[in-house]
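Trainee: Got a sequence here, can you model it:
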Amino acid sequence: MNAKKIYSNLTYRKLKLSDYKKFSELFNSIFKRRISYKFFKWRYFSDKSSFCYGAFLSTKLIANVGLKSLKLNNKNKEIVFSRHSSMVLRKYQGRGIYSILLENIKKKFLNNTRLIVMWPNKNNFANFGILKKNITYRNLYLYEAVTKHVKKKETTYHKISKIKNFKSYIINNKNFFFKDFTYVKNRYFQYKRNDYLLNKFEHKNHLSLFILKKNKISSILNYTILDHFGSNKVKNRHFAKLTNENEMITFCNKYKLKRKNYKLIDHINLKIGFLKNNNTKKIKYKILKKEFMLSDTDSFISLK
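Mentor: Next up, the predicted model:
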């Protein structure tokens, strides 16, 4: 089928819950991973703003973009979107279908949105037609901290539900996205809550909290750091204690690090695109000073 005929037969629309099977088949075809109905529902239908948008050839889903709504951590707490689940069936890649899909989303749904966060995979850097000068780029570096001689535990581990006891600490003014107790409930309580732990550390009346995800690697229990709340004054001390008392900790950093026990395992591409004319150097600088955590990406989220 030639390109013109393909374009004339395509329809574009929001996905419904009943499109799960089509979404799952496309996702598995591209990423070779199974995605559960529960995850699909939680990720894109648990709030009124998030959605998936797809290109259909007859009834077949051949391309998709997922937009997850989040609040920007500023005075207005405005809604911004984070792009996930970007995929085009291989047979139709390289024909501009994905760019058309993004342009449709931009025109129909992003009129009131000032910026969009994009996590492109290694084969896809499409960006809603946003000019290069209006995009801020950053890499997050993913590390494993490996400890051969594990020390006595000085931090305490709790079920994620215990974070209810520390509501007043659940705010991080340095984070790019606004995170409060509602965010924590939606992110960690609704789906696979048993995968997550709360790690607590106190020092000189300062309390620090890390949210961890459990991952079993061979016989080693690996923890991935997803979020931080509480005092930044003892955050580094808390991190040092955590890495000293576990064989393996996975974490991300905005800078490259050089330490014998740190192994660079990957990097995560991040782009922030400005959809309106407020892309000043001052705003860019403020954004680059903000923190992004692994909880902000789809990395290490269980799909089944």
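Trainee: Quick check, pLDDT for the nearest residue to residue 144 once chain neighbours are set aside.
Mentor: Sequence neighbours aside, residue 263 is the residue nearest to residue 144 in space, at 4.6 Å (criterion: CB to CB, 6 or more residues apart in numbering). No exception for glycine: its C-beta is placed from N, CA and C like everyone else's. In this model, residue 263 is scored at 95, pLDDT.
Trainee: neighbours of residue 263, just the number please.
Mentor: Using other CB atoms under 10 Å, residue 263 has 13 neighbouring residues.
Trainee: how is the chain carved up into domains?
Mentor: Taking automatic domain parsing as the reference, the chain has its domains at 3-129, 142-264.
Trainee: Just tell me which of the ones you listed ends up closest to residue 303.
Mentor: Closest to residue 303 of the domains of the chain, according to CB to CB: domain 3-129, at 4.5 Å.
Trainee: Now do the same for the closest one: mean pLDDT, whole number.
Mentor: 91.
Trainee: next one: that domain to chain centre, how far?
Mentor: Here domain 3-129 is found 14 Å from its chain centre; the criterion is CA atoms, centre = their mean, to the nearest Å.
Trainee: that older thread, I'd say the residue nearest to residue 144 and residue 141 touch.
Mentor: No: at 11.0 Å, residue 263 does not count as touching residue 141 under the criterion of CB atoms under 8 Å.
Trainee: re the thing from before, looking at this, the residue nearest to residue 144 is in a strand?
Mentor: Yes: assessed with DSSP: H, G, I helix; E, B strand; the rest coil, residue 263 lies in a strand.
Trainee: Assign residue 151 to helix, strand or coil.
Mentor: With three-state DSSP as the criterion, residue 151 reads coil.
Trainee: pLDDT value on it, please?
Mentor: So residue 151 comes in at 92 (pLDDT).
Trainee: For burial, what's the neighbour tally of it?
Mentor: 11.
Trainee: For it, give me its contacts.
Mentor: 244-245 (CB atoms under 8 Å, 6 or more residues apart in numbering).
Trainee: May I have the phi/psi pair for it?
Mentor: Residue 151 adopts backbone torsions of phi -100, psi 170, taken as degrees, to the nearest 10.
Trainee: mind checking how far it is from residue 242?
Mentor: 11 Å (CB to CB, to the nearest Å).
Trainee: Nearest approach to residue 280 belongs to which of the domains of the chain?
Mentor: domain 3-129 (12.4 Å).
Trainee: Show me the one of the domains of the chain that comes nearest residue 281.
Mentor: So among the domains of the chain, domain 3-129 is nearest, using CB to CB, at 15.2 Å.
Trainee: What does the pLDDT read for residue 218?
Mentor: For residue 218, pLDDT reads 64.
Trainee: same deal with residue 289?
Mentor: pLDDT at residue 289 comes out at 84.
Trainee: change the start of the numbering to 887 and stick with it
Mentor: Taking 887 as the first residue, the last one we looked at is residue 1175.
Trainee: could you list every residue that touches the residue lying closest to it once chain neighbours are set aside?
Mentor: In space, and not counting its chain neighbours, residue 1175 is closest to residue 1060: 7.8 Å by CB to CB, 6+ apart. For residue 1060, the contact set (CB under 8 Å, 6+ apart) comprises 1118, 1175-1177.
Trainee: tell me the mean pLDDT for stretch 1052-1068?
Mentor: pLDDT averaged over stretch 1052-1068 gives 91.
Trainee: Residue 1157 pairs with what?
Mentor: Each beta-bridge partner of residue 1157 is listed here, defined by DSSP bridges: residue 1004, residue 1023.
Trainee: Distance check, it against residue 1013.
Mentor: Counting by CB to CB - residue 1157 and residue 1013 are separated by 6 Å.
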